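Asks: quick one, fold the following:
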Amino acid sequence: MAFEEKRAWALAVIASVGYAVYAVVVLSRAAGRSLVDVSYADALLWTTGLGIVAGIVSGIWFGVAARNDGLQSDERDREIGRLGDHVGQSFVVIGGMSAMVLAVLEASHFWIANVLYLCFVLSAVLGSAAKIALYRRGTL
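Replies: Here you go, the predicted model:
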């Protein structure tokens, strides 16, 4: 398995687990109250920050392992990375547009922050899924 494919798997898992932890924390804090009244900012910032750190650490880990094994990226790896990034970036745009619409509609900060976070997670997961699919399919 290529270094970039391992990294894609790691980022998909990290993003999914981080969002699941965030959702559990926020929903447990709700306890029958409206979600907009729940304290969410600390959970959002912690899970986002820890996800970023975990992504960096996993990238370093897989990079060192690849270097020790003598593996290098080639043109195919770069092309798969580019295509996967394009898939992921589309969800960043969707999140930005959704947040803008929510702001214009004067929605609660809770919903604006959460739509952005969800789209960042979808960007990471679906971008990684696209890379994994391209590696598994074997052709571009």
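
Asks: assign the spatially most central residue of the chain to helix, strand or coil.
Replies: Taking C-alpha atoms, centre = their mean, the centroid of the chain lies closest to Ala124, which sits 3.0 Å from it. Taking DSSP: H, G, I helix; E, B strand; the rest coil as the rule, one finds Ala124 in the helix state.

Asks: now do the contacts for it.
Replies: Ala124 sits next to 11-12, 14-15, 88 when contact means C-beta atoms under 8 Å, 6 or more residues apart in numbering. For every residue, glycine as well, the C-beta is placed using N, CA and C.

Asks: quick check: the farthest pair among the residues you listed?
Replies: Ile14 and Gly88 (13.7 Å; C-beta to C-beta).

Asks: for ChimeraX, write the selection for the buried entries among the contacts of Ala124.
Replies: Listed next is the ChimeraX selection for buried residues among the contacts of Ala124, using 16 or more other C-beta atoms under 10 Å:
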select :11,12,14,15,88
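
Asks: including secondary structure and distance to Ala2, could the contacts of Ala124 go into TSV?
Replies: Formatted as TSV, the contacts of Ala124 follow (DSSP: H, G, I helix; E, B strand; the rest coil; distance: C-beta to C-beta, whole Å):
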residue	secondary structure	distance to Ala2
Leu11	helix	14
Ala12	helix	15
Ile14	helix	18
Ala15	helix	20
Gly88	helix	18
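
Asks: out of the contacts of Ala124, who's nearest Glu79?
Replies: Nearest to Glu79 among the contacts of Ala124: Gly88, at 15.1 Å, using C-beta to C-beta.

Asks: any idea how far Ala2 lies from Ala65?
Replies: Distance, Ala2 to Ala65, by C-beta to C-beta, to the nearest Å: 12 Å.

Asks: the more surrounded of these two?
Replies: The neighbour comparison of Ala2 against Ala65 (other C-beta atoms under 10 Å) goes to Ala2, with 17 against 12.
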